[in-house]
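*Asks:* take a look and give me a structure for this.
(2 chains)
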Number of protein chains: 2
Amino acid sequence: MPVTFRDIEQAHQRIKPHIHETPVMSSEQVNKLFGCELSFKAENLQKVGAFKARGGCNALYSMDAADLKRGVITHSSGNHGAALAWAAALRGTECTVVMPSNAPIVKKAAVAGYGATVIECLPTMEAREGTVAEQMEARGCLLVHPYDNDQIIAGQGTAALELLRQCQTDALPDIIMAPVGGGGLLSGTAIATKAWADKTGKTIQVIGAEPAGASDAWQGFKSGVRVAEQTPKTIADGLRSTVGVRNFDIMYQQVDDILLASEESIVKAMRLIWMRLKIIVEPSSAVCLAAIMENPELFYGKRVAIILSGGNVDLDALPW
Amino acid sequence: MPVTFRDIEQAHQRIKPHIHETPVMSSEQVNKLFGCELSFKAENLQKVGAFKARGGCNALYSMDAADLKRGVITHSSGNHGAALAWAAALRGTECTVVMPSNAPIVKKAAVAGYGATVIECLPTMEAREGTVAEQMEARGCLLVHPYDNDQIIAGQGTAALELLRQCQTDALPDIIMAPVGGGGLLSGTAIATKAWADKTGKTIQVIGAEPAGASDAWQGFKSGVRVAEQTPKTIADGLRSTVGVRNFDIMYQQVDDILLASEESIVKAMRLIWMRLKIIVEPSSAVCLAAIMENPELFYGKRVAIILSGGNVDLDALPW
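*Replies:* From the prediction side, this is the model:
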């Protein structure tokens, strides 16, 4: 296993002074609706409005002076780009972000707002990676991959670690859920959770949720072979990328299941979170609750913790 | 003074098991924008989505068995109605809520959802009070006025008390702001804050904020004579009522200033809170920040705490 529980603990120590300890929220009305005890780790309230601040911060604070001098680059539909730009600014180094042309305007503006250079490309993985390679050659900067990277995985795993530490020992969740795009969050969540379960002797399932319109992780998980290319079609812009190699391996070994959710359920779940929890989440954050909506029998009577991934939404283009 | 600091402390003891201790939130980006240190008491995350749960709960838990047997009635544009309905359900008593016909659909639905009987009336204070009087006669139930009521004022004052307790002693605010409609929140806030300031020897100003389109509190505060009737025109549906008699007296004695905000600023401030704090607030909650936008020089370099009143918004009728 390339990333260990110890790496996640160390990442947490490293990034703690710079990130928020986000609250864990719940709603009696939502619990009644689903017949289970749901809690939501509100990473939409994290720095840069997404859990991605954790990985970006861990990557930048793991670099030495020579690395920092070169500057960093990444490709991102938005939140990882903002996180890296924010963390690079904290460390006083330059940052370039390659973004697909269909990324939300608000996310492009955020990346630029943190002082990074934004370069647009076509909305395919090939175009993203090709443009990054060109820019690395031109600028001599270091790639911080948005998910297929040990520091990123360890950083994202701190969300679950923090969540588990926030739970009373006698009220640990039966299930922890995280959305899956590239798999940084889900693989980090799995490592943190399974180690915690071992330590405490409590069985905790880790379940990923993915839009049916970008189901590469689900397909790979079911077949045992990673899907390397897809044409995603989902409103959940944060989950359009293809699962990374490292992420797939961890996921395949440690995640208990991956569930799919339709676009309709994602929008319904997003609206329910807005209405009942009174917090702003982006569509990607709603995919776990959407999967519960579509598979309620798997969750009846259980204690379920969901990681809400982010809250960066274009308020002028809401899906209702 | 009809309501004392002791009353607010006792109200807090009484309602604590039933309400949320809401978080105090902040955003570096928003601080930078205004050149002051802003914190937001997120009563939009309170039970029923508004601070009104505090007053409603205090009123119902102050009643004896004979009172409870009679049932309760009130008039409300929404949040107090929901709060009273919710508290009445906790206490197992009947609740009737007279609502102006222009109250947001989502608020009417919420009141009915908590099990109260909703009766519509014309959107004037006269119609509200007339309809309540008729219903009291018909039903024999007890009026719990939405703001001109000692238990309600004491209950609403617990928001500021809780906020002050959440602050470090060396980081008490220089200014506490609350929106003003009927004046329940602002008068309770003033009593709690001024007593706390006396106890700690710290000067804390209390400033109310009101929509320019419903400026009766401001007019009364400036002239010294309460305005008893107005035709409000504001998006801030929670602030359309006229300041109560008790509320005016307390406010006139203990509040340091009242500021006005335009509709345009209210919408801008609301959007800024959504974007930066990632929480859902209704227009009424945004009036304090809107007033800061219009009078930034009064706040430069100060530590300012704002009570966000609620988060019950019709997601299908957003003002942008």
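*Asks:* and the helices in chain A?
*Replies:* Using DSSP state H, the helices of chain A run over A:5-15, A:28-34, A:52-61, A:65-70, A:79-90, A:105-113, A:125-139, A:150-166, A:184-200, A:216-223, A:245-254, A:263-277, A:287-294.
*Asks:* any chance of these in JSON lines, plus mean pLDDT, distance to chain B and mean neighbour count?
*Replies:* For the C-beta atoms, the positions are set from N, CA and C on the backbone; glycine is no exception. Shown next, in JSON lines, are the helices of chain A (pLDDT from 0 to 100; distance: least, Cβ to the nearest Cβ, whole Å; neighbours: other Cβ atoms under 10 Å in any protein chain shown):
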{"stretch": "helix A:5-15", "mean pLDDT": "98", "distance to chain B": "17", "mean neighbour count": "19"}
{"stretch": "helix A:28-34", "mean pLDDT": "95", "distance to chain B": "9", "mean neighbour count": "14"}
{"stretch": "helix A:52-61", "mean pLDDT": "98", "distance to chain B": "13", "mean neighbour count": "30"}
{"stretch": "helix A:65-70", "mean pLDDT": "96", "distance to chain B": "23", "mean neighbour count": "12"}
{"stretch": "helix A:79-90", "mean pLDDT": "96", "distance to chain B": "11", "mean neighbour count": "28"}
{"stretch": "helix A:105-113", "mean pLDDT": "90", "distance to chain B": "8", "mean neighbour count": "19"}
{"stretch": "helix A:125-139", "mean pLDDT": "93", "distance to chain B": "27", "mean neighbour count": "15"}
{"stretch": "helix A:150-166", "mean pLDDT": "98", "distance to chain B": "13", "mean neighbour count": "26"}
{"stretch": "helix A:184-200", "mean pLDDT": "97", "distance to chain B": "18", "mean neighbour count": "25"}
{"stretch": "helix A:216-223", "mean pLDDT": "98", "distance to chain B": "26", "mean neighbour count": "19"}
{"stretch": "helix A:245-254", "mean pLDDT": "98", "distance to chain B": "26", "mean neighbour count": "20"}
{"stretch": "helix A:263-277", "mean pLDDT": "97", "distance to chain B": "6", "mean neighbour count": "21"}
{"stretch": "helix A:287-294", "mean pLDDT": "98", "distance to chain B": "16", "mean neighbour count": "27"}
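*Asks:* out of those helices, flag the one nearest residue B:58.
*Replies:* Closest to residue B:58 of the helices of chain A, according to Cβ to Cβ: helix A:28-34, at 20.2 Å.
*Asks:* which strands and helices lie in contact with that closest one?
*Replies:* Helix A:28-34 is packed against strand A:37-42, helix A:263-277, with contacts defined by 3 or more Cβ pairs under 8 Å, 6 or more residues apart in numbering or on different chains; DSSP states H and E.
*Asks:* given the shortest one, what are its sheet partners and their directions?
*Replies:* According to DSSP bridges, strand A:37-42 forms sheet pairs with strand A:24-25 (antiparallel), strand A:303-308 (parallel).
*Asks:* return the set of buried residues in the last one.
*Replies:* In this case it means strand A:303-308. Neighbour counts over strand A:303-308 (16 or more other Cβ atoms under 10 Å in any protein chain shown) mark A:303-308 as buried.
*Asks:* tell me what angle that strand forms with helix A:184-200.
*Replies:* 150 degrees (axes from the mean of the first three to the mean of the last three Cα atoms, to 10 degrees).
*Asks:* ok, residues contacting strand A:303-308?
*Replies:* A:24, A:36-44, A:51, A:159-160, A:163, A:167, A:171-179, A:185, A:189, A:273, A:279, A:281, A:285, A:288-289, A:292 (Cβ atoms under 8 Å, 6 or more residues apart in numbering or on different chains).
*Asks:* any chance of the strands paired with strand A:37-42 in JSON lines, with mean pLDDT too?
*Replies:* Shown next, in JSON lines, are the strands paired with strand A:37-42 (pLDDT from 0 to 100):
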{"stretch": "strand A:24-25", "mean pLDDT": "96"}
{"stretch": "strand A:303-308", "mean pLDDT": "98"}
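*Asks:* which one, of the ones you listed, ends up nearest to residue B:99?
*Replies:* Comparing those by Cβ to Cβ, strand A:24-25 comes nearest, at 28.8 Å.
*Asks:* where's the closest one relative to the chain centroid, distance-wise?
*Replies:* Taking Cα atoms, centre = their mean, to the nearest Å, one finds the center of strand A:24-25 at 17 Å from the center of the full chain.
*Asks:* residues in contact with it: which ones?
*Replies:* A:39-42, A:163, A:166-167, A:277, A:279, A:305, B:45.
*Asks:* can you check stretch A:264-278 too?
*Replies:* A:25, A:27, A:29-30, A:33, A:40, A:42, A:211, A:234-236, A:261, A:279-283, A:285-294, A:308, A:319-320, B:44-45, B:49, B:279-281, B:311, B:315.
*Asks:* and the residue of the stretch 151-300 of chain A that's closest to chain B?
*Replies:* Closest contact between the stretch 151-300 of chain A and chain B, by Cβ to the nearest Cβ, is at residue A:278 (3.9 Å).
*Asks:* how many neighbours does that residue have?
*Replies:* 25 (other Cβ atoms under 10 Å in any protein chain shown).
*Asks:* just residue A:233 next, same as before
*Replies:* So residue A:233, with other Cβ under 10 Å, has 11 neighbours.
*Asks:* check contacts around the residue lying closest to it once chain neighbours are set aside.
*Replies:* Of all residues not flanking residue A:233 in the chain, residue A:213 sits nearest, at 4.2 Å (Cβ to Cβ, 6 or more residues apart in numbering or on different chains). Listed by Cβ under 8 Å, 6+ apart, the contact set of residue A:213 reads A:232-234, A:263.
*Asks:* nearest to chain B among the buried residues of strand A:303-308?
*Replies:* Checking those one by one against chain B (Cβ to the nearest Cβ), the nearest turns out to be residue A:308, at 9.8 Å.
*Asks:* nearest residue to the closest one other than its sequence neighbours?
*Replies:* Counting by Cβ to Cβ, 6+ apart, the residue nearest residue A:308 is residue A:285, at 4.2 Å.
*Asks:* could you report the neighbour count for that neighbour?
*Replies:* Counted with other Cβ under 10 Å, residue A:285 comes out at 32.
*Asks:* need the pLDDT of it.
*Replies:* Note on residue A:285: pLDDT of 98.
*Asks:* isn't it right next to residue A:179, touching?
*Replies:* Yes - assessed by Cβ atoms under 8 Å, residue A:285 is found in contact with residue A:179 at 7.0 Å.
*Asks:* what sits in contact with each of these two?
*Replies:* Joint contacts of residue A:285 and residue A:179 (Cβ under 8 Å, 6+ apart) are residue A:309.
*Asks:* before we move on, the earlier item: nearest spatial neighbour of the residue of the stretch 151-300 of chain A closest to chain B, chain-adjacent residues omitted?
*Replies:* Nearest to residue A:278 is residue B:311, by Cβ to Cβ, 6+ apart, at 3.9 Å.
*Asks:* now residue A:184
*Replies:* residue A:147 (3.4 Å).
*Asks:* what are the phi and psi values at the one you found?
*Replies:* The phi/psi pair for residue A:147 (degrees, to the nearest 10) reads phi -150, psi -30.
*Asks:* OK, contacts around it?
*Replies:* Counting by Cβ under 8 Å, 6+ apart, the residues that residue A:147 touches are A:55, A:80, A:153, A:156, A:181-184, A:187, A:241, A:243-244, A:247.
*Asks:* quick one: it from residue A:59, how far?
*Replies:* 11 Å (Cβ to Cβ, to the nearest Å).
*Asks:* can you put the contacts of strand A:24-25 in JSON lines and add distance to residue B:200?
*Replies:* Output for those, formatted as JSON lines (distance: Cβ to Cβ, whole Å):
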{"residue": "A:39", "distance to residue B:200": "36"}
{"residue": "A:40", "distance to residue B:200": "36"}
{"residue": "A:41", "distance to residue B:200": "35"}
{"residue": "A:42", "distance to residue B:200": "32"}
{"residue": "A:163", "distance to residue B:200": "36"}
{"residue": "A:166", "distance to residue B:200": "31"}
{"residue": "A:167", "distance to residue B:200": "35"}
{"residue": "A:277", "distance to residue B:200": "34"}
{"residue": "A:279", "distance to residue B:200": "33"}
{"residue": "A:305", "distance to residue B:200": "39"}
{"residue": "B:45", "distance to residue B:200": "27"}
